[in-house]
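Colleague: Got a predicted model here, sequence first, then my questions.
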Amino acid sequence: EKQGFRHFMLKEIYEQPGVVRTCLEAYLNPDWEANQESPIKLGLPEHFYQDLEQVQILACGTSWHASLVGKYLLEQLAEVPTMVQYASEFRYAPPPITANTLTIGVTQSGETADTLAALAMEQQRRSGKTSQYQARLLGITNRPESSLAQMVAQIIDTHAGIEIGVAATKTFVAQLMAFYFLALDLAYRRQTLPLERIAEIIAGLRQLPAEVELILESQERYIEELAHEFNETQDFIFLGRGINFPIALEGALKLKEISYIHAEGYPAGEMKHGPIALLDAKVPVVAIAMPGSLYEKVLSNAQEAKARDARLIGVTPKDVPQATEIFDDLLPVPKMEELLSPILTVIPLQLLAYHIAARRGLDVDQPRNLAKSVTVE
Ligand code: M6R
């Protein structure tokens, strides 16, 4: 079943190019320009879009990280104000009800107790209100037969196939794809982006499967070797900004859940407000630095860490001289516009977490204290 891979997690990491391809086939509308239709076929009913004023996303764990990328996309591409809440927090302190809100539950398993309860609560507290305030519930899930799918009016099926490793990898990337599609669909309908820009983003999305393949082919051996150098490491810091800030969080979560190394993800600009005090030669810092609006800023934040003797690992394109000088180690990713880069930058972080944990001889697919679906509160 593992098809020659040592663990399901590694097999699932390698399934990612195929998953991205499947998502593109399922949701891109090839005739959109000729037929003057949305570039994305999500099959959502009209009333989901009508007078949309706000999106509210409820999720846990890795799905919550995907939702943060979703917020970035929905706000920056489609200009819809978006809130992302931990389902477990939302349940006990829901924000005031606002009109014309689309509520999205994101859960790969479709069975996470907190996410289901938060959605049920949202439906309940909006029932009996005027039509503007009624719940519009959408699920983003990998399991169309799940409890989530039965509870919400519509789902976006992320088509990632069953995931066995407790650490979510391919389902995360598939959730990101769902958010690219939703944001582009809304951007088209709300006319917040020129059509040429939509076409350009879609062309970029189409390149992703080959680029993910390239990272896997060219980086895995190197990352496996690099992992040997962290045998004694007890803390890691992951930095990112903008659309790659949630990827820093995800890199840290992957590492801590399977290797039991303490890891923190931070928006790079926040370092100086506290966490920089942790840094010394024993704490490696992984910085995601993709050319784009925040590139120089991230590099200067990375330099601040280097000045505290931290070993600096850069997730960055390799042929950018400035980056090669700053970083002690490079986890190179192909050049890609910042907006689409999370699907690439997360791959080396998954491999790094995997190889550090595998090297320590840990049970990567079933880490201690964790279950694949958290069906209790
Ligand atoms: O099935 P879900 O997406 O609702 O699961 C949410 C979290 O329990 C899950 O993402 C967890 O954080 C993973 N083990 C992360 O790898």
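Modeller: Now that the structure is in, tell me what you want to look at. On a predicted model such as this, the values are computed, not experimentally measured, just so you know.
Colleague: Only C-alpha atoms from now on, for both contacts and neighbour counts.
Modeller: Will do.
Colleague: any idea of the pLDDT on residue 366?
Modeller: The model reports residue 366 with a pLDDT of 89.
Colleague: Ok, residue 207 next?
Modeller: Residue 207 is assigned 98 on the pLDDT scale.
Colleague: Next: residue 372.
Modeller: Confidence for residue 372, expressed as pLDDT, is 84.
Colleague: what about the closest residue to it other than its chain neighbours, how many neighbours?
Modeller: Spatial nearest neighbour of residue 372, excluding adjacent residues (CA to CA, 6 or more residues apart in numbering): residue 166 at 4.7 Å. Neighbourhood size, residue 166 [other CA atoms under 10 Å]: 19.
Colleague: cool, residue 106 as well?
Modeller: Using other CA under 10 Å: residue 106 sits among 29 other residues.
Colleague: hang on, the earlier thing: tell me the secondary structure of the residue nearest to residue 372, please.
Modeller: coil (DSSP: H, G, I helix; E, B strand; the rest coil).
Colleague: can you check residue 95 too?
Modeller: coil.
Colleague: mind checking how far it is from the ligand?
Modeller: Using CA to the nearest ligand atom, to the nearest Å, residue 95 is found at 21 Å from the ligand.
Colleague: That residue - how many residues pack around it?
Modeller: For residue 95, the count of nearby residues is 11 (other CA under 10 Å).
Colleague: pLDDT at it, what is it?
Modeller: The model's pLDDT for residue 95 equals 96.
Colleague: Residue 376 now?
Modeller: At residue 376, the model reports a pLDDT of 83.
Colleague: show me the contacts for it.
Modeller: Residue 376 makes contacts with 112-114, as judged by CA atoms under 8 Å, 6 or more residues apart in numbering.
Colleague: Equivalent analysis for residue 118, please.
Modeller: Applying CA under 8 Å, 6+ apart to residue 118 gives the contacts 58, 87-88, 90-91.
Colleague: so where do the helices sit in the stretch 51-200 of the chain?
Modeller: 61-78, 87-90, 113-126, 147-151, 170-190, 195-227 (DSSP state H, counting those that start in this stretch).
Colleague: closest one to residue 133 among these?
Modeller: For the helices of the stretch 51-200 of the chain, proximity to residue 133 was assessed by CA to CA; helix 113-126 is nearest, at 6.3 Å.
Colleague: Just checking the closest one against the ligand, any contact.
Modeller: No. Counting by CA under 6 Å from any ligand atom, the ligand has no neighbours in helix 113-126; the shortest distance is 6.7 Å.
Colleague: for that helix, which positions count as buried?
Modeller: Using 16 or more other CA atoms under 10 Å as the test for burial, helix 113-126 gives 113-123, 126.
Colleague: that older thread, any idea which of the helices of the stretch 51-200 of the chain gets closest to residue 244?
Modeller: Using CA to CA, the nearest of the helices of the stretch 51-200 of the chain to residue 244 is helix 61-78, at 7.9 Å.
Colleague: With only the CA atoms kept, save the closest one in PDB.
Modeller: Provided in PDB are the C-alpha atoms of helix 61-78 (Å, rounded to 0.1, in the frame of the first residue of the first chain):
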ATOM      1  CA  GLY A  61      -5.000  22.800  12.700                       C
ATOM      2  CA  THR A  62      -3.700  22.600   9.200                       C
ATOM      3  CA  SER A  63      -7.100  23.400   7.700                       C
ATOM      4  CA  TRP A  64      -7.000  26.600   9.700                       C
ATOM      5  CA  HIS A  65      -3.600  27.400   8.100                       C
ATOM      6  CA  ALA A  66      -5.100  26.800   4.600                       C
ATOM      7  CA  SER A  67      -8.000  29.100   5.600                       C
ATOM      8  CA  LEU A  68      -5.500  31.900   6.400                       C
ATOM      9  CA  VAL A  69      -4.100  31.600   2.900                       C
ATOM     10  CA  GLY A  70      -7.800  31.600   1.800                       C
ATOM     11  CA  LYS A  71      -8.400  34.900   3.700                       C
ATOM     12  CA  TYR A  72      -5.500  36.500   1.900                       C
ATOM     13  CA  LEU A  73      -6.800  35.400  -1.500                       C
ATOM     14  CA  LEU A  74     -10.400  36.300  -0.900                       C
ATOM     15  CA  GLU A  75      -9.500  39.800   0.400                       C
ATOM     16  CA  GLN A  76      -6.700  40.600  -2.100                       C
ATOM     17  CA  LEU A  77      -8.300  39.100  -5.200                       C
ATOM     18  CA  ALA A  78     -12.000  39.300  -4.600                       C
END
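Colleague: So for that helix, mean pLDDT?
Modeller: Rounded mean pLDDT across helix 61-78 is 98.
Colleague: That helix - contacts with which helices or strands?
Modeller: Helix 61-78 sits against strand 54-59, strand 82-86, strand 101-106, helix 170-190, helix 245-259, with contacts defined as 3 or more CA pairs under 8 Å, 6 or more residues apart in numbering; DSSP states H and E.
Colleague: quick one: the first one to strand 101-106, angle?
Modeller: Which is strand 54-59. Angle, strand 54-59 to strand 101-106, by axes from the mean of the first three to the mean of the last three CA atoms, to 10 degrees: 20 degrees.
Colleague: from the chain's centre, how far out does strand 54-59 sit?
Modeller: 15 Å (CA atoms, centre = their mean, to the nearest Å).
Colleague: doesn't residue 364 make contact with residue 358?
Modeller: Yes. Here residue 358 reaches residue 364: they are 6.5 Å apart, a contact under CA atoms under 8 Å.
Colleague: Looking only at neighbour counts, state which of the two leads.
Modeller: Set residue 358 next to residue 364 and count neighbours by other CA under 10 Å: residue 364 wins out with 25 against 19.
Colleague: Checking that one next. Helix, strand or coil?
Modeller: Assignment for residue 364 (three-state DSSP): coil.
Colleague: check contacts around it.
Modeller: Residue 364 is in contact with 7, 9, 165, 258-259, 354, 357-358, counting by CA under 8 Å, 6+ apart.
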